[in-house]
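Trainee: have a look at this fold, sequence not included:
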């Protein structure tokens, strides 16, 4: 019998507060790296007493999206294509949390098996020079049992399938074909031609071009996970001046969704799309595959034929269901071209009008009341009363994906990505697990989610006043979880359970 521990979404990366302050988070999702060290060291000690052990880091172990792009203030990259810069960012992450990597080295030294999977915040780990630096940081030697799965394959242990889970999230699907071409050229120290460049997913672009930029005013925004359609309305309610940028991102999201998966699992296309939208045709409301001519263009040319606002309405409608139209009407006066040139440049150096930012409004005014109602709608679209119920998966795409995967003979499917720990029965003795996160999570007050609107708005006003003061610790949850698999002598899972690691 051997034991496998699966953890995910550590999100090591970003700067600590200077000077150190236990009451502040700095520019980080993970504020308790010490607890990761403790957990890994406990596993290393258990090997002598309990036998073989494996630790699986199921994606987003580190967070390149939290690392500043060079020396520029308030500048982040959705993907760091330059190998030297990517290595420098990874070294900075290791230097801030050396204890984590030292603990992982000790785990390997005592005979533990360490398996790492790629996520969507740590895509650069797959690049050849960064992979070499990762092995160096872990102190991997010839006798160590170490594997890094960076090519999009799932990890299979007996009748359990393990993967990060971003594959089922249209905002965060990684174009692995394009990434492979970049790695192939990089391994030969060749330049990557423009037509072969990797385009990061829209979720990564939302993090670096919106979430990171407004985090200094809204310190809680990076705790809203995952970065998908459900987050967009909240960010728009906070900063409607970013509407045009969200339109660009939503347009890219729509294209990603259209060429991503056929149903819950299968890719629609065997490789990267090289196609143009037929003249005067737009993909919204129809199957995009009917409008392309293979080999005639690029993804960028397809996007040029799409409409930003139509894409944004589609994304918001998907996350808010029937409330999407009302939500946009509540924001229309604040977000539609209120000032010349606002948001017209979507480059990394663009600036936005933040005068209409939520915290700049006069509370109690009609404008603030209108925006408060929009924010309430958005929050209820992101979190439900049962979002933190470990026995229910409220995001259909992950449940659908897991339900399809077990048809291949798996009894257990383990994802990460959502930051929500889950143990959900799929019937017939089959289970879907989510390993949760070791980063902080924001849990909105239950009264906001459940009370009638007039009462919920009063609770929301109290909540917002706390947020404005920078005090949201009451609703910040740190609950490190992991999935434990006991593997019998035949290589099958004898027992699987969701566990919470002890904290101090």
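Mentor: Alright, I've got the coordinates. Predicted, not measured: the structure shown is a model, and the values here were computed from it.
Trainee: and residue 145, how far from residue 482?
Mentor: According to C-beta to C-beta, to the nearest Å, residue 145 and residue 482 sit 19 Å apart. Backbone N, C-alpha and C define where each C-beta goes, glycine included.
Trainee: who has more neighbours, the two?
Mentor: residue 482 (24 against 13; other C-beta atoms under 10 Å).
Trainee: what's the local residue count around the closest residue in space to the more buried one that isn't next to it in sequence?
Mentor: Nearest residue to residue 482, sequence neighbours excluded (C-beta to C-beta, 6 or more residues apart in numbering): residue 7, at 4.6 Å. Number of residues near residue 7 (other C-beta under 10 Å) recorded here: 23.
Trainee: tell me who's in contact with residue 331.
Mentor: Each residue near residue 331 by C-beta atoms under 8 Å, 6 or more residues apart in numbering is listed here: 236-237, 240, 243, 371, 374.
Trainee: mind listing which of those are in strands?
Mentor: Among the contacts of residue 331, DSSP state E puts none in strands.
Trainee: just give me the least confident of the residues you listed.
Mentor: Lowest in pLDDT among the contacts of residue 331 is residue 243, which has 83.
Trainee: distance check, that one against residue 250.
Mentor: 10 Å.
Trainee: could the contacts of residue 331 go into CSV alongside distance to residue 84 and neighbour count?
Mentor: Shown next, in CSV, are the contacts of residue 331 (distance: C-beta to C-beta, whole Å; neighbours: other C-beta atoms under 10 Å):
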residue, distance to residue 84, neighbour count
236, 37, 25
237, 40, 23
240, 39, 26
243, 36, 24
371, 44, 23
374, 44, 25
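Trainee: quick check: the farthest pair among those residues?
Mentor: 243 and 371 (13.3 Å; C-beta to C-beta).
Trainee: enumerate every residue touching residue 133.
Mentor: Residue 133 sits next to 87, 90-91 when contact means C-beta under 8 Å, 6+ apart.
Trainee: which strand or helix spans it?
Mentor: helix 128-138 (DSSP states H and E).
Trainee: just the buried residues of that helix, please?
Mentor: Residues 129-131, 133-134, 137-138 are the ones in helix 128-138 that count as buried (16 or more other C-beta atoms under 10 Å).
Trainee: burial of residue 92, as a residue count?
Mentor: 14.
Trainee: now it: closest residue in space that isn't a chain neighbour?
Mentor: Once flanking residues are discounted, residue 92 sits nearest to residue 67: 6.4 Å by C-beta to C-beta, 6+ apart.
Trainee: give me the pLDDT for the one you found.
Mentor: In the predicted model, residue 67 carries a pLDDT score of 96.
Trainee: cool, and residue 291?
Mentor: 35.
Trainee: let me know how buried the residue nearest to residue 124 when sequence neighbours are not counted is, in neighbour terms.
Mentor: With C-beta to C-beta, 6+ apart as the criterion, residue 124 has its nearest non-adjacent residue at 4.3 Å, and that residue is residue 86. Residues within reach of residue 86, counting by other C-beta under 10 Å, total 24.
Trainee: looking at it, residue 86 is touching residue 80, isn't it?
Mentor: Yes: taking C-beta atoms under 8 Å as the definition, residue 86 is a contact partner of residue 80 at 4.3 Å.
Trainee: overlap in contacts, these two.
Mentor: Common contacts of residue 86 and residue 80, defined by C-beta under 8 Å, 6+ apart, comprise 64, 124.
Trainee: the residue nearest to residue 92: neighbour count?
Mentor: Burial of residue 67 is recorded as 24 neighbouring residues (other C-beta under 10 Å).
Trainee: can you pull the contacts of the residue nearest in space to the middle of the chain?
Mentor: In the chain, the C-alpha nearest the mean C-alpha coordinate belongs to residue 226, at 4.5 Å (C-alpha atoms, centre = their mean). Neighbouring residues of residue 226 by C-beta under 8 Å, 6+ apart: 166, 169, 171-172, 203, 417-419.
Trainee: the stretch 101-250 of the chain: helices as residue ranges?
Mentor: Along the stretch 101-250 of the chain, counting by DSSP state H, counting those that start in this stretch, helices occupy 128-138, 176-187, 202-206, 212-214, 232-238, 243-259.
Trainee: helices or strands up against the fifth one?
Mentor: This means helix 232-238. Helices and strands touching helix 232-238, as assessed by 3 or more C-beta pairs under 8 Å, 6 or more residues apart in numbering; DSSP states H and E, comprise helix 243-259, helix 308-320, helix 324-335, helix 366-382.
Trainee: redo those helices as a markdown table? Include distance to residue 36.
Mentor: Shown next, in a markdown table, are these (distance: least, C-beta to C-beta, whole Å):
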| stretch | distance to residue 36 |
| --- | --- |
| helix 243-259 | 31 |
| helix 308-320 | 32 |
| helix 324-335 | 38 |
| helix 366-382 | 27 |
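Trainee: confidence-wise, which of those helices is weakest overall?
Mentor: Among these, helix 324-335 carries the lowest mean pLDDT, at a mean of 73.
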